[in-house]
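**Q** Starting from these lines, generate the structure:
(one chain, ligands or ions: 2)
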Amino acid sequence: MPSISLPRIRQAALASALALGSLASAAADRLPTLDGKPPLVIAHRGASGYLPEHTLAGYELAVRMGADYVEPDLQLTRDGQLVAMHDLSLERTTDVAAKFAARNGGYLVSDFSLEEIRSLSMRPQGTAQTSYPGFTPSTPHPLRVPTLEEIIALVRRLEANGSRAIGLYPEAKQPGPRLATQILTVLSASGYVGTDKVFIQSFDADTIRSLQRRQAAMGLNFKLVLLNGSANRLLAMDLQRIAGYAQGVGVSIRGEGMSRSFIEMAHAAGLTVHGYTFAEGRPAQGEPEVRKHLNWGMDGVFANYPDVALRARAQAAAPR
Ligand code: G3P
Ligand code: CA
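**A** Ligands and ions are numbered 1, 2, ... in the order given. Sure, this is the predicted structure:
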């Protein structure tokens, strides 16, 4: 990605987003979160409203804006490597169809090797572009599909340079123990322990239970989050029961049953509540949406526009 020389005003915007992150954190402990700490801003697929989703460029921009966590959706390649990719197929977000013939009738991540996937370019979706004003990525291949190890290396370097801890929020996109175990193995080999800023998430309750068992066997203790598109379905699963194997729930803010009382019930069961996805494709919608949910006590927000979520967190925390 070329370095872009930009009008000063846009560079100032990035700098002020960064400052806003720490200001908001300082004040946001007035919000009714489960642990009384400021709610988290989680960069959903990176700063995916601005740069192609699940790229090192997108994760780095999110961190520079002040996001607390970056969220890689993870899948295994044919040769067993963990790469960041939301869809099971490579087709929507990369140029795979222009470079390779279909395999088994499509372009599943699991049918391609890491070397082949590394040769692909990511295509921006929605409001994302291939560059962001005033931002030059610091990695050599900012717009290709990254491995979990590459994401961790980036995060560790940005932590060292910025003197703050940056959270990782990996999602096991393929159910089953193989992918889950590989996530734990890579995190552990990279020096992460249970006290680090890590949440592991899955839509599949069996995967979360298997993560609970396997990380206990490995001496790890990462926080686990069960995802669901509907707060009502989580209620039907029994929040107390979920709290037996997970520390939190990730819930669609547009699904049935999302409300202040759902958050209060989850908190009463000891579960943290993270909502997804704010300002989906419409950044202007983000601030009121985030403010409303943070005032209800939501503990974290998955945001495609981390700067918008940080601004909203500062507003929600401001004294009235
Ligand atoms: O993981 C929370 C949220 O990202 C779930 O939605 O489909 O973007 O992975 P999705
Ligand atoms: Ca996700």
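
**Q** can you tell me how far the closest residue to ligand 1 within the stretch 201-320 of the chain sits from Arg233?
**A** Among all residues of the stretch 201-320 of the chain, Tyr276 sits closest to ligand 1, at 3.9 Å; criterion: CB to the nearest ligand atom. Every residue, glycine included, has its C-beta placed from N, CA and C. Distance of Tyr276 to Arg233, given as CB to CB, to the nearest Å: 15 Å.

**Q** can you check Ala189 too?
**A** Taking CB to CB, one finds Ala189 at 35 Å from Arg233.

**Q** go on, Leu88?
**A** Per CB to CB, Leu88 is found 22 Å from Arg233.

**Q** which residues does the residue of the stretch 201-320 of the chain closest to ligand 1 form a beta bridge with?
**A** Following DSSP bridges, Tyr276 is listed with bridge partners Ser252.

**Q** Can you give me the pLDDT of it?
**A** pLDDT, Tyr276: 98.

**Q** if we can go back for a sec, please say which of Tyr276 and Arg233 ends up with more neighbours.
**A** More neighbours surround Tyr276 than the other of Tyr276 and Arg233, with 22 against 14 (other CB atoms under 10 Å).

**Q** Would you confirm that that one contacts Gly255?
**A** No - assessed by CB atoms under 8 Å, Tyr276 is found out of contact with Gly255, at 9.6 Å.

**Q** Can you check which residues contact both of the two?
**A** Shared contacts of Tyr276 and Gly255, defined by CB atoms under 8 Å, 6 or more residues apart in numbering, are absent.

**Q** Find the nearest non-adjacent residue to the spatially most central residue of the chain, please.
**A** With distances taken as CA atoms, centre = their mean, Glu71 lies nearest the centre of the chain, 2.0 Å away. Residue nearest to Glu71 in three dimensions, not counting chain neighbours: Tyr169, with 4.3 Å by CB to CB, 6 or more residues apart in numbering.

**Q** can you pull the pLDDT of that neighbour?
**A** 98.

**Q** For the protein, what lies in contact range of ligand 1?
**A** Proximity of the chain to ligand 1, by CB under 6 Å from any ligand atom, involves residues 44, 73, 86, 171, 201, 227, 250, 276, 302.

**Q** follow-up on the earlier one: distance check, the residue nearest to Glu71 against Ala101.
**A** Counting by CB to CB, the gap from Tyr169 to Ala101 is 35 Å.

**Q** So for the two, which sits in the more crowded spot?
**A** For Tyr169 versus Ala101, neighbours defined as other CB under 10 Å are more numerous around Tyr169 (25 against 7).

**Q** pretty sure that one is in contact with Phe199, am I right?
**A** Yes - contact criterion CB under 8 Å: Tyr169 and Phe199 qualify, at 4.8 Å.

**Q** Find the residues that touch each one of the two.
**A** Tyr69.

**Q** So in the chain, where's the weakest helix or strand by average pLDDT?
**A** helix 8-27 (a mean of 47; mean pLDDT, DSSP states H and E).

**Q** and the helix or strand just after it, what does it pack onto?
**A** Heading C-terminal from helix 8-27, the first helix or strand you meet, by DSSP states H and E, is strand 40-44. Secondary-structure packing of strand 40-44 (3 or more CB pairs under 8 Å, 6 or more residues apart in numbering; DSSP states H and E): helix 56-65, strand 69-71, strand 272-278, strand 300-303, helix 306-317.

**Q** Kindly recompute the last result at 7 Å.
**A** Using 3 or more CB pairs under 7 Å, 6 or more residues apart in numbering; DSSP states H and E, the elements in contact with strand 40-44 are strand 69-71, strand 272-278, strand 300-303, helix 306-317.

**Q** For it, C-alpha coordinates in CSV please.
**A** This file holds the C-alpha atoms of strand 40-44, laid out as CSV (Å, rounded to 0.1, in the frame of the first residue of the first chain):
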residue,chain,number,x,y,z
LEU,A,40,-14.3,-2.4,25.5
VAL,A,41,-14.0,-1.3,22.0
ILE,A,42,-13.4,-4.3,19.9
ALA,A,43,-12.3,-3.7,16.3
HIS,A,44,-14.6,-6.0,14.4
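
**Q** got the contact list for that strand?
**A** With contact meaning CB atoms under 7 Å, 6 or more residues apart in numbering, strand 40-44 is reached by 59, 62, 67-71, 169, 274, 276-277, 299-304, 306, 309-310, 313.

**Q** Now do that strand, average pLDDT.
**A** 98.

**Q** Could you number the chain from 30 rather than 1 from now on?
**A** Happy to do that; since the first residue is 30 now, the last one works out to strand 69-73.

**Q** What strands flank it, and is each parallel or antiparallel?
**A** Strand pairing (DSSP bridges) places strand 69-73 next to strand 98-100 (parallel), strand 329-332 (parallel).
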